[in-house]
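> quick check, what structure comes out for this input:
(2 chains)
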There are 2 protein chains.
Amino acid sequence: MNIGFLLFPRVTQLDLTGPAQILSRVPGAQVHLVWKTRDPVPTDVGFTINPTTVFADCPPLDVLCVPGGFGIEDLFGDADTLAFLRRQGESARYVTSVCNGSLVLGAAGLLDGYRSACHWIWLPFLTRFGAVPVAQRIVRDRNRISGGGVTAGIDFGLALAAELAGDDAARMIQLALEYDPQPPFDAGSPQGAGAELVARYREMVAPRLARVEAALAQTAGL
Amino acid sequence: MNIGFLLFPRVTQLDLTGPAQILSRVPGAQVHLVWKTRDPVPTDVGFTINPTTVFADCPPLDVLCVPGGFGIEDLFGDADTLAFLRRQGESARYVTSVCNGSLVLGAAGLLDGYRSACHWIWLPFLTRFGAVPVAQRIVRDRNRISGGGVTAGIDFGLALAAELAGDDAARMIQLALEYDPQPPFDAGSPQGAGAELVARYREMVAPRLARVEAALAQTAGL
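Sure, this is the predicted structure:
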C-alpha cells in the first residue's frame, strides 16, 4: 500500500509528520515523500527533510496526501506539481489533505464540487476552487478525506488508518502512540481561543493571506 | 533561545517533530537538531531528517530535549552521546524528554532522584536510573519536564512553551496549530484501550523491550 505525501518548501512539517507517523504503522503501508528533486526540503521549523522519491519515479499511490504550510503560495502556479497531483489523484483510492493543503488540491482541480476541511483561517479560500468549506476536524466526501489545521492531521490520520485497515488496527496504532490528548489550554479553536486572541492571530497572518491572495490572482488563468 | 533536540537513528519522528513544531513558534526560539554528523538520519517512518548541527558545534542549549524511539537501544552504550547530554544538561534551563527518550536522559545520569514521564509500556524502566516513574502525560520536577508516549510531546510542547514565553504565547500557538483534538477512538491509554488490546500490543513489542533490556545489561558497568 503506497501512501504518498507531497513534500514542498516551507511545508508546515507537522501537517505531514503527524499523519505519516500514524499511516506508516498501517500493516503493509509504505510512506513516500514526493517532490521534484531529492534535495533536502526546508520546512517551516528550519530543519530539512529528504524526499524519498520524485514525481517521475513515484509509484501509483493508494493514498495521495497534500499537507499545508505558507509555502503553498508557490504551488498555485506550479504546473509540474499540479500535473503530478492530477495524475495521481485520478487513480488514488483516497485523495486527501491536511490544513491548507486542501487549497493545493483545489488548485489542481481535485475538489470541484467536493466538501472539504481546511485550517480555520484559510477555510473561506476553498470556494475559489468550487469546493464546499466545512468547519470540521475531519471531512469526508466520496474518496476525498481532509483534515483541519495542522494537529487535525493526527485525528485525520487515525480516521484514514481505520478506513484502510479497520478500527482494530487504528486503535492499536492509537495505543502505541499514546494518543490520549490533554491540551494544557483550551485555545485550539477560534471558539475556545476567544475573539481577542483570534483578532491578534488574524493580524499576525494577514500578510501571509495577502500573499496567497496575490498568488491566486496571478494564476487565475491557468 | 536555543532549543535542541537529539536526532538519532530510528527515532520515533513524531516524538521530535510534534514539540519542535510548537517550540519553533515561541518568540525568539531557534530549533536545533543535533547528532554526531550532518548525514541524513533515518527515522522510524522510513524517511530521513537532516541534523542542523553536530555535538561539537551545538550552542549551549536553553532547552535540551531527547525524543524516544526503538533506536534508544543503541544509545545506552554510546559514550559520545551520553557525554553530550551530560554536558548540555548541566547548563540547560530545562532538561526534557518525550516518550522513552527519558530512558536516555536516565542513562546519562540526568534523572537520578527525579520524577519522570515515559511511554506507558517503557515506564517501569525508569527505576533502573534512579528515576521515579509517573504515569502522567506531562511531568515536572524542578527543571526536568517530560512527556509521555509520542503524541504526549504535543501537550508537553505547549506546557513548555507556556514556561518559556507565558500562557498567552502558548495559547496563540495552540490556536495557530488548531490543537483542539478529537480522536476518533478512545484507545490512547491502556485504560481506554482495554486489557485485550494492551495484551496484543505487549506481545507485539516484546522483542523490542527484550533488546533494550539486553542493551541495558551490557552497559550496566558504564
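
> surely residue A:205 touches residue A:120?
No: taking contacts as CB atoms under 8 Å, residue A:205 lies outside contact range of residue A:120: 11.2 Å. Using the backbone N, CA and C atoms, a C-beta is placed for each residue, glycine as well.

> which one of these two has more residues nearby?
residue A:120 (23 against 16; other CB atoms under 10 Å in any protein chain shown).

> what about the strands in chain A?
A:2-6, A:30-35, A:41-42, A:48-49, A:53-54, A:63-66, A:94-98, A:115-116, A:132-133, A:138-141, A:144-147 (DSSP state E).

> output the ones you listed as JSON lines; include the columns mean neighbour count and distance to residue A:83.
What follows is those, written out as JSON lines (neighbours: other CB atoms under 10 Å in any protein chain shown; distance: least, CB to CB, whole Å):
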{"stretch": "strand A:2-6", "mean neighbour count": "24", "distance to residue A:83": "12"}
{"stretch": "strand A:30-35", "mean neighbour count": "22", "distance to residue A:83": "13"}
{"stretch": "strand A:41-42", "mean neighbour count": "19", "distance to residue A:83": "19"}
{"stretch": "strand A:48-49", "mean neighbour count": "24", "distance to residue A:83": "23"}
{"stretch": "strand A:53-54", "mean neighbour count": "15", "distance to residue A:83": "13"}
{"stretch": "strand A:63-66", "mean neighbour count": "30", "distance to residue A:83": "13"}
{"stretch": "strand A:94-98", "mean neighbour count": "28", "distance to residue A:83": "15"}
{"stretch": "strand A:115-116", "mean neighbour count": "22", "distance to residue A:83": "21"}
{"stretch": "strand A:132-133", "mean neighbour count": "16", "distance to residue A:83": "25"}
{"stretch": "strand A:138-141", "mean neighbour count": "20", "distance to residue A:83": "23"}
{"stretch": "strand A:144-147", "mean neighbour count": "28", "distance to residue A:83": "19"}
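
> so which of the ones you listed gets nearest residue B:216?
strand A:30-35 (30.6 Å; CB to CB).

> average model confidence for the closest one?
Across strand A:30-35, the average pLDDT comes to 98.

> same check, this time on stretch A:91-110
The model assigns stretch A:91-110 a mean pLDDT of 98.

> what's the answer for stretch A:7-25, then?
98.

> what's the end-to-end length of that stretch?
This stretch, stretch A:7-25, spans 19 Å end to end (CA to CA, to the nearest Å).

> so what's the gap between that stretch and the chain middle?
8 Å (CA atoms, centre = their mean, to the nearest Å).

> can you check stretch A:211-219 too?
Worked out by CA atoms, centre = their mean, stretch A:211-219 lies 19 Å from the chain centre.

> cool, stretch A:23-36 as well?
For stretch A:23-36, the distance to the chain centre is 14 Å (CA atoms, centre = their mean).

> endpoints of it, how far apart?
First-to-last residue span, stretch A:23-36, CA to CA: 23 Å.

> would that stretch count as contacting chain B?
Yes: shown here: stretch A:23-36 in contact with chain B (CB under 8 Å from any CB of the partner chain) through A:24, A:30, A:31, A:33.

> show the model's pLDDT score for the residue of chain A most remote from its centre.
Checked against the mean C-alpha position of chain A, the extreme residue using CA atoms, centre = their mean is residue A:196, at a distance of 27.5 Å. Here the pLDDT value assigned to residue A:196 is 97.

> with residue A:213 instead?
For residue A:213, the model assigns a pLDDT of 89.

> ok, it to chain B distance?
19 Å (CB to the nearest CB, to the nearest Å).

> was I right about residue A:156 contacting residue A:98?
Yes: Residue A:156 is within contact range of residue A:98, at 6.0 Å (criterion: CB under 8 Å).

> intersection of neighbour lists for the two?
A:19, A:146, A:147 (CB atoms under 8 Å, 6 or more residues apart in numbering or on different chains).

> of these, closest to residue B:39?
For the shared contacts of residue A:156 and residue A:98, the nearest to residue B:39 is residue A:19 (26.4 Å; CB to CB).

> mind listing what that closest one touches?
A:5, A:65, A:67, A:98, A:147, A:153, A:154, A:156, A:157, A:160.

> run the last query once more with 6 Å
For residue A:19, the contacting residues are A:153, A:156, A:157, by CB atoms under 6 Å, 6 or more residues apart in numbering or on different chains.

> can you check residue A:123 too?
Residue A:123 neighbours (CB under 6 Å, 6+ apart): residue A:133.

> check what pLDDT it gets.
Reading off the model, residue A:123 has pLDDT 96.

> next, the contact list for the residue lying closest to residue A:178 once chain neighbours are set aside, please.
Using CB to CB, 6 or more residues apart in numbering or on different chains and skipping the chain neighbours, the partner closest in space to residue A:178 is residue B:149 (2.9 Å). Contact analysis of residue B:149 by CB under 6 Å, 6+ apart lists A:178, B:99, B:119, B:120.

> mind doing that once more with 8 Å?
If you count contacts by CB under 8 Å, 6+ apart, then residue B:149 has A:176, A:177, A:178, B:68, B:99, B:100, B:118, B:119, B:120, B:121 around it.

> measure it to residue B:12 for me?
9 Å (CB to CB, to the nearest Å).

> which residues do those two both contact?
B:68, B:99.

> hang on, the earlier thing: which of the strands of chain A sits closest to residue B:45?
Closest approach to residue B:45 among the strands of chain A (CB to CB): strand A:30-35, 5.5 Å.

> and that closest one, C-alpha only, in CSV?
Provided in CSV are the C-alpha atoms of strand A:30-35 (Å, rounded to 0.1, in the frame of the first residue of the first chain):
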residue,chain,number,x,y,z
GLN,A,30,4.9,2.3,2.8
VAL,A,31,5.2,6.1,3.2
HIS,A,32,6.6,8.1,0.3
LEU,A,33,7.7,11.8,0.5
VAL,A,34,7.5,13.1,-3.0
TRP,A,35,9.0,16.3,-4.5
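
> which residues does it contact?
Counting by CB under 8 Å, 6+ apart, A:1-8, A:16, A:20, A:23-24, A:41, A:49-55, A:58-59, A:61, A:84, B:45-47 sit against strand A:30-35.

> partner strands of that strand, with direction?
strand A:2-6 (parallel), strand A:53-54 (parallel) (DSSP bridges).

> so which of those strands gets nearest residue A:201?
strand A:2-6 (25.7 Å).

> tally of neighbours for residue A:190?
18.

> now do residue A:58 against chain B, distance only.
Residue A:58 is 14 Å from chain B, by CB to the nearest CB.

> quick one, phi psi at that residue?
phi -70, psi 130 (degrees, to the nearest 10).

> all helices in chain A, in order from the N-terminus.
A:13-23, A:79-91, A:101-107, A:152-165, A:167-176, A:190-193, A:195-218 (DSSP state H).
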